[in-house]
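In: Sequence and predicted model, in that order:
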Amino acid sequence: MAFVQVPAPVAGELGLSAVVAALPLVSMFVMLAVLRIKAHWAALVSLAVALVIAIGVYRMPAGQALSAGAEGASFALLSIMWTVVNAVWIYNMTVESGHFDALRRSFAGISADRRIQAIIVAFCFGALLESVAGFGTPIVISSVMLVALGFRPMKAAMVALVANTVATPFGVLGTPTLTMSRVTGLPVDEIGAVVGRQVPVVAVVVPLVLVVLIDGRRGLRETWPAAVVAGISFAAAQFVCSNYIAVGLVDTVAATVSALALVALLRVWTPGAGTRAGAAESDRPGHADEPNRARTAQAYAPYVLIVAVFAASQLGPVKALLARTTRVFDWPGLDVVTAAGLEPTAVAFTFHTLAAPGTLVLVAGLLCIPILRLRPADAFRSYVAALNRLKWPIVTVMSVLALAYVMSLSGQTMTIGQWMATAGGAFALLSPALGWLGVAATGSNTSSNALFGALQVAAAGQAGLDPRVLAAANMSGGALGTVLSPQNLALVAAVGGLAGREGALLRRLLPWSLGGLAVMSALIWLQTTGAAAWMLP
């Protein structure tokens, strides 16, 4: 017998029902932000709360509720974490082979000015890392590299956190966008195209913020040309790639274009003489520490291979061949009908094999082994290390996706969406804040999309707004919550020797995060009211 979703199961009151439906999300926020419980435990407890509400309040059959959670967890493992594990494996191999150090030294050789180094390492290279790793990895690595270049740990942490913001919506080869598409039923390319018309507005400004964080007004006055070139080139590449190339390659392309543009500028322009005070403390004369060109080329090879493999997968015959291996089927144990009498899109499960982004990354990784001159045993050890490193993030993401599917298929998400939609057109102002809260709580744009994606689209439908804009707003607003995530703050504090000073980091970064959120909220509102509708595809 089919389970029919009921929007207001608590005494027929939509507002009261929304309060109950929000309890799993509130539980997660409180456990992460207030009680500081580890993310995987918070996600598991919140999943349990969602199951209790689905079965006890929404009267969803227990078997179907558990099946919904199993579908979400399966999608997380087979689609999301399959990509993440293989991406982190590639990074581990660059470290194992010693090529990551060659990358670090190549950055130091580009400029002796600390403000320029911050843009190159945290903004450009950080985005490149985000394209293949994510889940806090770029923040940790960037901050470590900045400290190695002579930055004070506090400034290195702040720069790494702020720089990471605009890369997260397209991180890990477009995983957040893929997740948003999966939980909303919207085409992934359409979501990516709209995000590519929102986030670049902030991307233009981020390098300027970085130089201010490092050197105040003097930094802005003396290095603004470099910051502007890096920001505009990154934003332009984000827009073009997300709209006309491939969502999975946005961060890779944007990071590469921005870095090349900045290097080209530095050939004809250098910061003023007063910038020597901003030079890295670790600078020393001579060139003995510079890596040779061949080794540097090998260090960049994994990222070039990822782009090449993904580009090849989009060629007509190859794309058609890969598509034949994809299977779509109704998830067993689910028989759900919405209040409108329709079958939710989440009931159908798409299983990619050769066409999966994670499989393509695996192919690139296998091709990297001889280039990085690693023995198969060393490559295998790096893979085991990636699995070990990600064991708890895997549990977290699987639990969050299971939570999202239970809430969505039981009707909890629809209840919250219908209640929030009573704000009408004003909901567009609140939409980015939901994504901001989600990422601040979970530390992941992917997890935030899993939690709020269906809610955003449901609210858009109730309020008569473009669902693509609000789905994208969840991702764009979420990008600005990255700097406040307890998970990210703890990571960067741990590697920088700042344990116990997470609160100081939070206080210093809060104004930047809120300011960016205000700008994004205004932009989303203008896009939905028609004043900036020309920006949409």
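Out: Cool, got the structure.

In: Point to the residue nearest the middle of the protein.
Out: Centroid-nearest residue in the chain: residue 168, 3.0 Å away (criterion: Cα atoms, centre = their mean).

In: for residue 349, helix, strand, or coil?
Out: strand (DSSP: H, G, I helix; E, B strand; the rest coil).

In: Just give me the neighbour total for it.
Out: 17 (other Cβ atoms under 10 Å). Any C-beta I mention is one placed from the backbone N, CA and C, and that applies to glycine too.

In: ok so, going back, next up, the contacts around the residue nearest to the centre of the chain.
Out: With contact set as Cβ atoms under 8 Å, 6 or more residues apart in numbering, residue 168 has these partners: 130, 134, 176, 439, 445, 478, 479, 482.

In: Residue 89 is in contact with residue 368, isn't it?
Out: No. The criterion here is Cβ atoms under 8 Å, and residue 89 misses it with residue 368 at 9.3 Å.

In: in the stretch 251-400 of the chain, which ranges drop under the pLDDT threshold?
Out: Scanning the stretch 251-400 of the chain for pLDDT under 70 picks out the ranges 272-291.

In: All the helices of it, residue numbers only.
Out: 293-313, 316-323, 357-371, 376-389, 391-410 (DSSP state H, counting those that start in this stretch).

In: again, but for the stretch 401-537 of the chain
Out: 412-420, 427-442, 445-463, 467-479, 486-495, 502-529.

In: Just checking, which of the contacts of residue 168 comes out lowest on pLDDT?
Out: Across the set of those, residue 134 stands lowest in pLDDT, at 68.

In: looking at this, the residue nearest to the centre of the chain is in a helix?
Out: Yes. Assignment of residue 168 by three-state DSSP places it within a helix.

In: sorry, back to before: mind putting the helices of the stretch 251-400 of the chain into TSV with mean neighbour count and distance to residue 59?
Out: Formatted as TSV, the helices of the stretch 251-400 of the chain follow (neighbours: other Cβ atoms under 10 Å; distance: least, Cβ to Cβ, whole Å):
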stretch	mean neighbour count	distance to residue 59
helix 293-313	17	44
helix 316-323	12	39
helix 357-371	20	37
helix 376-389	15	40
helix 391-410	27	9
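
In: Of all those helices, which one is nearest residue 206?
Out: Evaluated with Cβ to Cβ, those place helix 293-313 nearest to residue 206, the distance being 20.8 Å.

In: Touching stretch 323-334 from outside, list them.
Out: Identification of contacts with stretch 323-334 by Cβ under 8 Å, 6+ apart yields 63-64, 66-68, 70-71, 347-355, 409.

In: buried sites along it?
Out: 331, 334 (16 or more other Cβ atoms under 10 Å).

In: quick one: that stretch to chain centroid distance?
Out: In this view, stretch 323-334 has its centroid 26 Å away from the chain centroid, taken as Cα atoms, centre = their mean, to the nearest Å.

In: Equivalent analysis for stretch 172-192, please.
Out: 12 Å.

In: What of stretch 193-211?
Out: Distance, centroid of stretch 193-211 to centroid of chain: 14 Å (Cα atoms, centre = their mean).

In: mean confidence score for it?
Out: Stretch 193-211 carries an average pLDDT of 95.

In: Between the two ends of that stretch, how far is it?
Out: Length of stretch 193-211, first residue to last, Cα to Cα, to the nearest Å: 29 Å.

In: Flag the shaky bits of the stretch 401-537 of the chain, pLDDT-wise.
Out: Using pLDDT under 70, the stretch 401-537 of the chain drops low at 441-442, 486-487, 494-497, 499-500.

In: Could you export the helices of the stretch 251-400 of the chain as TSV, including distance to residue 8?
Out: TSV is the format used below for the helices of the stretch 251-400 of the chain (distance: least, Cβ to Cβ, whole Å):
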stretch	distance to residue 8
helix 293-313	45
helix 316-323	42
helix 357-371	39
helix 376-389	44
helix 391-410	13
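
In: From the contacts of stretch 323-334, list just the buried residues.
Out: Judged by 16+ other Cβ under 10 Å, buried ones among those: 64, 66, 67, 68, 70, 71, 347, 349, 352, 355, 409.

In: How about residues contacting whichever strand or helix holds the third one?
Out: Here residue 67, judged by DSSP states H and E, is contained in helix 62-75. By Cβ under 8 Å, 6+ apart, the surrounding residues in contact with helix 62-75 are 3, 47, 51, 54-55, 60, 182, 331-336, 346, 349, 398-399, 401-406, 408-410, 450.
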